[in-house]
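[1] Have a look at this prediction, sequence included:
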Amino acid sequence: MRRLGPLLAIALCGCTPREDAPPTSAPPVSRQAQVADCPPLPDPPSATAELFDDAAPPRLFRLTFQPGDRATLEADPRRETYVPCTLELEGERFEDAACRYKGGYGSLHACFDDEGNRLCPKLSVKVSFTRRVQGGRFRGLRRLIFNSETRDPSLMRERLGYALFREAGLQASRAVHARLTLDDEPEGLYLLVEDIDEEWLEDRFEDDGGNLYKEVWPQHGDARPYLATLESGAEPADVGRMIELTRVLQGTPDGALWGALEPWIDRDAMLRYFVVDQLIDDWDGIWKFYCHRGGCGNHNFFLYDDPTSGRVHVIPWDLDHTFGQPNDDLARSWWRDDPAGCAAPGATRPPECDPLLRALMRGGWQGYRDHLARLTAPGAPLSEEAVLGRLDRYRAAILPYVDAGDPLGPTPEAWRRAVGQLRQVIRAQWAEARKFLRE
């Protein structure tokens, strides 16, 4: 457990929720909401700072295996089987690490055909320092996550997405480009993403002993879904607060839910989350509910139930499905009454059907608009010039490695085209935001 004075100071001096009069049937147009001016959060004060130095060139990480272990790793990556490995970085070695390929349906299983033939040139890799060594750490970390960025020929969308969440004053992982070799075979450029675990919580919250959940939304009335997705927390496990939050969501009338959420959710932070989510067009995040066998759920996020504040924090994750195209909706669709599909959803369910998201977006509509205006204003952290400037810095950092020939990545020509397309998407998206704010 660690006390974090600077982060708490930010939380106490300007990032707390403001009381806005919640609209009932249409967006308010006359009342100016009070909006907290939240600066970007400082980087966590930990031994990991050098690894995630945003200005450093991509570092080279070497993974080596015994022949039999490498064969096991490659036999069927979809099984995500750990094998012994050694990691080396800049002369520092960790002999007793464990490695496996990683990913979900889209990032791993979709990389193989029905016969098991590999379709993707490279796969994401997870390195664990605790699986074979109790309490193992490498530069303060339990794990390293190397995302392949196979579906992003620009190699920069996910890194940019995490950065914009942090620039909006929200807790999100750090991410930097890295180079990787497997048994001295160059694998090219990856994205090293900070894993969300106990160390991550310790660096960001006054009390890191609360429950951390992966990809479970407060919509279940029994403990089983929460226990199944519990990543860390006190022993014995107690998920009663999530069940109680679900009761609040399901038992409170729409008109009163905005106010009822104040003890449970940092509403102001969630409105800033929505702003970033919409600007980067994260179509596979908290707003996308997939339905199967009578149930619907969203993914690509963590929830942390913070014992100090008593509030549940939403933490973004897996941001590779971002910046694909300009988002011309920007949450206008939240004002559809009784959206089709709530009663009998098909493959997906509209996010407007979810009581938590609906209460936050409708109740905080003016705050959402005001945050969008403030964060994207000239000179602001999410201004068009700031975002394009960040893109240019990332581009310059990886350009020499792309031009040298990324063995499993895009060609220099394909990469340049993708970067140009990403730049066009950003310009078009910020133009859409200005149009939206003029309405």
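    Thanks, I have the structure now. Because the structure is predicted, anything quoted here is derived from the model rather than measured.
[2] What are the phi and psi values at C85?
    Dihedral angles of C85 (phi, psi; degrees, to the nearest 10) stand at phi -150, psi 170.
[3] mind listing what it touches?
    Contacts for C85 (CB atoms under 8 Å, 6 or more residues apart in numbering) come out as 63-65, 69, 97-99, 127. (C-beta placed from N, C-alpha, C; glycine too.)
[4] Tell me the buried residues in stretch 73-82?
    Residues of stretch 73-82 classed as buried by neighbour count (16 or more other CB atoms under 10 Å): 73, 77, 82.
[5] Stretch 403-418 too?
    Buried residues in stretch 403-418 (16+ other CB under 10 Å): 406, 408-410, 415-416, 418.
[6] got the contact list for stretch 130-140?
    For stretch 130-140, the external contacting residues (CB under 8 Å, 6+ apart) are 46-48, 50-51, 82, 84, 87, 89, 92, 94, 96-98, 128-129, 142-144, 199.
[7] quick one on the thing from earlier: among the buried residues of stretch 73-82, which has the minimum pLDDT value?
    On pLDDT alone, P77 ranks lowest of those, at 92.
[8] residue contacts, the residue lying closest to that residue once chain neighbours are set aside?
    Spatially, and ignoring its direct neighbours in sequence, P77 is nearest to Y101 (3.9 Å; CB to CB, 6 or more residues apart in numbering). Y101 sits next to 73, 77-78, 80, 108, 123-126 when contact means CB under 8 Å, 6+ apart.
[9] same check, this time on F52
    If a contact means CB under 8 Å, 6+ apart, then F52 has 43, 174-176, 192, 194 as its contacts.
[10] picking up where we left off before, could you spell out the sheet neighbours of the helix or strand where the residue nearest to P77 lies, each with its direction?
    Applying DSSP states H and E as the criterion places Y101 in strand 92-102. Counting by DSSP bridges, the strands paired with strand 92-102 are strand 83-89 (antiparallel), strand 124-128 (antiparallel).
[11] Most tightly packed of the ones you listed?
    Most buried of the strands paired with strand 92-102, by mean neighbour count (mean count of other CB atoms under 10 Å): strand 124-128, with a mean of 23.
[12] so where's the stretch 301-439 of the chain uncertain?
    338-340 (pLDDT under 70).
[13] how does it look with 80?
    Applying pLDDT under 80 to the stretch 301-439 of the chain flags the ranges 336-341, 343-345.
[14] next one: the stretch 1-150 of the chain
    For the stretch 1-150 of the chain, the stretches with pLDDT under 80 are 1-47, 104-107.
[15] make it 50
    In the predicted model, the stretch 1-150 of the chain carries pLDDT under 50 at residues 1-35.
[16] can you dump the C-alpha coordinates of the host helix or strand of D277 into PDB?
    Using DSSP H and E, D277 falls within helix 267-279. In PDB, the C-alpha atoms belonging to helix 267-279 read as follows (Å, rounded to 0.1, in the frame of the first residue of the first chain):
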ATOM      1  CA  ARG A 267     -19.400  11.000 -12.500                       C
ATOM      2  CA  ASP A 268     -17.200  13.800 -13.600                       C
ATOM      3  CA  ALA A 269     -14.400  11.300 -14.500                       C
ATOM      4  CA  MET A 270     -16.800   9.100 -16.400                       C
ATOM      5  CA  LEU A 271     -17.900  12.100 -18.500                       C
ATOM      6  CA  ARG A 272     -14.300  12.700 -19.400                       C
ATOM      7  CA  TYR A 273     -14.000   9.000 -20.100                       C
ATOM      8  CA  PHE A 274     -16.900   9.300 -22.500                       C
ATOM      9  CA  VAL A 275     -15.200  12.200 -24.300                       C
ATOM     10  CA  VAL A 276     -12.000  10.300 -25.000                       C
ATOM     11  CA  ASP A 277     -14.000   7.100 -25.800                       C
ATOM     12  CA  GLN A 278     -16.000   9.000 -28.500                       C
ATOM     13  CA  LEU A 279     -13.000  10.900 -29.900                       C
END
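[17] Please compute how far that helix lies from its chain's middle.
    Distance of helix 267-279 from its chain centroid, counting by CA atoms, centre = their mean, to the nearest Å, is 13 Å.
[18] Same question for stretch 117-131.
    Stretch 117-131 has its C-alpha centroid displaced from the chain centroid by 19 Å (CA atoms, centre = their mean).
[19] What of stretch 228-244?
    Computed by CA atoms, centre = their mean, the chain-centroid distance of stretch 228-244 equals 21 Å.
[20] which other residues reach it?
    The contact list for stretch 228-244 (CB under 8 Å, 6+ apart) reads 196-198, 201, 209-216, 218, 220-223, 226-227, 302-303, 305, 312.
[21] Please narrow those residues to those residing in strands.
    Among the contacts of stretch 228-244, the ones falling in strands (DSSP state E) are 211-214, 302-303, 305, 312.
[22] who wins for most neighbours among those?
    Y213 (26 neighbours; other CB atoms under 10 Å).
[23] so what's the closest residue to it other than its chain neighbours up against?
    Distance criterion CB to CB, 6+ apart; nearest residue to Y213, sequence neighbours excluded, is L303 at 4.4 Å. L303 sits next to 212-213, 216-218, 242, 312-315 when contact means CB under 8 Å, 6+ apart.
[24] Could you write me a ChimeraX select line covering just the buried ones among those?
    Buried subset of the contacts of L303, written as a ChimeraX selection, criterion 16+ other CB under 10 Å:
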select :212,213,216,217,218,242,312,313,314,315
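[25] Let's have the contacts of L303 in CSV, adding distance to G379.
    Shown next, in CSV, are the contacts of L303 (distance: CB to CB, whole Å):
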residue, distance to G379
L212, 36
Y213, 37
V216, 39
W217, 36
P218, 37
M242, 40
V312, 33
H313, 28
V314, 28
I315, 28
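[26] ok, the contacts of L303 vs P351, which is closest?
    In terms of CB to CB, no member of those lies closer to P351 than W217, at 10.7 Å.
[27] Not counting residues beside it along the chain, what's closest to the closest one?
    The shortest distance from W217 to any non-neighbouring residue, by CB to CB, 6+ apart, is to N298 (5.7 Å).
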